[in-house]
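# give me coordinates for this.
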Amino acid sequence: MSQWYPKICEYDCEGWHPTPYVAREFYGVWGDFDVTITIDKNYILAATGYLQNPNQIGCGYESKVQTISRPPSAKLSLAFYRAERHDFVWAADPEYVHVSRKNEGQSYSTCFL
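This is a model prediction of the structure:
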């Protein structure tokens, strides 16, 4: 899902910029995103930002030193946070595979179809 919520137009020293996004890059507001998505626990979800509750989710997001404490319900709530972005995008599929790698001291997470 992208462009799934309304965006306000940008206001700066030149005034309002209400130009719509049509086949080109847009000029818009940057913001901080604090998003919680509740979805069937059989889905793997990929989204903009950093997962805030990895030890409740599992699926490769969790820390290796803590145990997973998934809720017993049929749904999971994934909480993502990312600062200073134009947009928040997410996708979910039960067949996604989550892969984590560590490279020169940095951790990378990717969700593959």
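
# what about the residue sitting furthest away from the middle of the chain, distance to Y27?
In the chain, E14 marks the outermost C-alpha relative to the chain mean, sitting 32.0 Å out by CA atoms, centre = their mean. Per CB to CB, to the nearest Å, E14 is found 10 Å from Y27. To be clear about C-beta, it is placed using only N, CA and C from the backbone, and glycine gets the same treatment.

# gap between the residue farthest from the centre of the chain and S77?
41 Å.

# for L45, list each beta-bridge partner.
Per DSSP bridges, the residues bridged to L45 are A92.

# cool, the one 5 residues further on as well?
Beta bridges link Y50 to Y81, judged by DSSP bridges.

# one more: I39?
L76.

# and for V35?
According to DSSP bridges, beta-bridge pairing links V35 with F80.

# return the distance of the spatially most central residue of the chain relative to H98.
With distances taken as CA atoms, centre = their mean, A47 lies nearest the centre of the chain, 2.5 Å away. Applying CB to CB, the value for A47 to H98 is 12 Å.

# now Y11
Taking CB to CB as the measure, Y11 falls 39 Å from H98.

# cool, G28 as well?
Distance, G28 to H98, by CB to CB: 30 Å.

# would you list every one of the helices in this structure?
All helices of the chain, identified by DSSP state H, fall at 54-57.

# for it, give me the ranges with low pLDDT.
For the chain, the stretches flagged by pLDDT under 70 are 3-4, 20-26, 60-61, 63, 101-102, 105-113.

# give me the number of residues near the spatially closest residue to D32 that is not a sequence neighbour?
Leaving aside its chain neighbours, D32 sits nearest to A83 (4.5 Å; criterion: CB to CB, 6 or more residues apart in numbering). If you count neighbours by other CB atoms under 10 Å, A83 ends up with 11.

# which residues sit against stretch 31-41?
45, 47-49, 70, 73-86, 88, 90, 92, 94 (CB atoms under 8 Å, 6 or more residues apart in numbering).
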